[in-house]
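[1] No sequence on hand, only this structure:
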């Protein structure tokens, strides 16, 4: 196993997290609101396997792809993250659906 320099590790870190977090960020930028729980889980799982294929094709030395698994959890968080505005709209919609605010 070859020893990686500090610069190689930094570049590897930046490449990994850029590839892992770019798709969820793009989806959220286009959609502008959080995804449902099951949809977010589905997208995160699909993106995890896509990332494993991509990094395996790039010649990744990792056998467990632990960083990609952590990235899948971060992707789920990005998909589900609510701003105060979106959370307030969500609560208002739910209250109207339940008949509290008529």
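    Structure received. Because the structure is a prediction, the values reported are computed rather than measured. Numbers count the residues shown, from 1 in each chain.
[2] Grab the longest helix from the chain for me.
    Longest helix of the chain, by residue count under DSSP state H: helix 6-31.
[3] list the buried ones in that one?
    By neighbour count on 16 or more other Cβ atoms under 10 Å, the buried set for helix 6-31 is 16, 19, 20, 23, 24, 27, 28. C-beta: built from backbone N, CA, C; applies to glycine.
[4] Tell me which helix or strand the closest residue to the third one other than its chain neighbours sits in.
    Right, residue 20. With Cβ to Cβ, 6 or more residues apart in numbering as the measure, residue 71 is the residue that lies nearest to residue 20, at 3.4 Å, once sequence neighbours are left out. Taking DSSP states H and E as the criterion, residue 71 maps to helix 66-80.
[5] can you pull the buried residues of that helix?
    Of all the residues in helix 66-80, those buried under the rule 16+ other Cβ under 10 Å are 67, 68, 71, 72, 75, 76, 78, 79, 80.
[6] possible to save the residues you listed as JSON lines with distance to residue 58?
    Formatted as JSON lines, the buried residues of helix 66-80 follow (distance: Cβ to Cβ, whole Å):
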{"residue": "67", "distance to residue 58": "13"}
{"residue": "68", "distance to residue 58": "12"}
{"residue": "71", "distance to residue 58": "15"}
{"residue": "72", "distance to residue 58": "18"}
{"residue": "75", "distance to residue 58": "19"}
{"residue": "76", "distance to residue 58": "24"}
{"residue": "78", "distance to residue 58": "23"}
{"residue": "79", "distance to residue 58": "25"}
{"residue": "80", "distance to residue 58": "29"}
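[7] Report the two of the residues you listed separated the most.
    Farthest apart among the buried residues of helix 66-80 by Cβ to Cβ are 67 and 80. That separation is 20.5 Å.
[8] Could you list the low-pLDDT ranges of the protein?
    Applying pLDDT under 70 to the chain flags residues 1-2, 101-102.
[9] Could you rerun that using 80?
    By pLDDT under 80, the low-scoring segments of the chain are 1-4, 60-64, 83-91, 101-102.
[10] next helix or strand past the helix holding residue 71?
    Immediately after helix 66-80, counting by DSSP H and E, sits helix 84-98.
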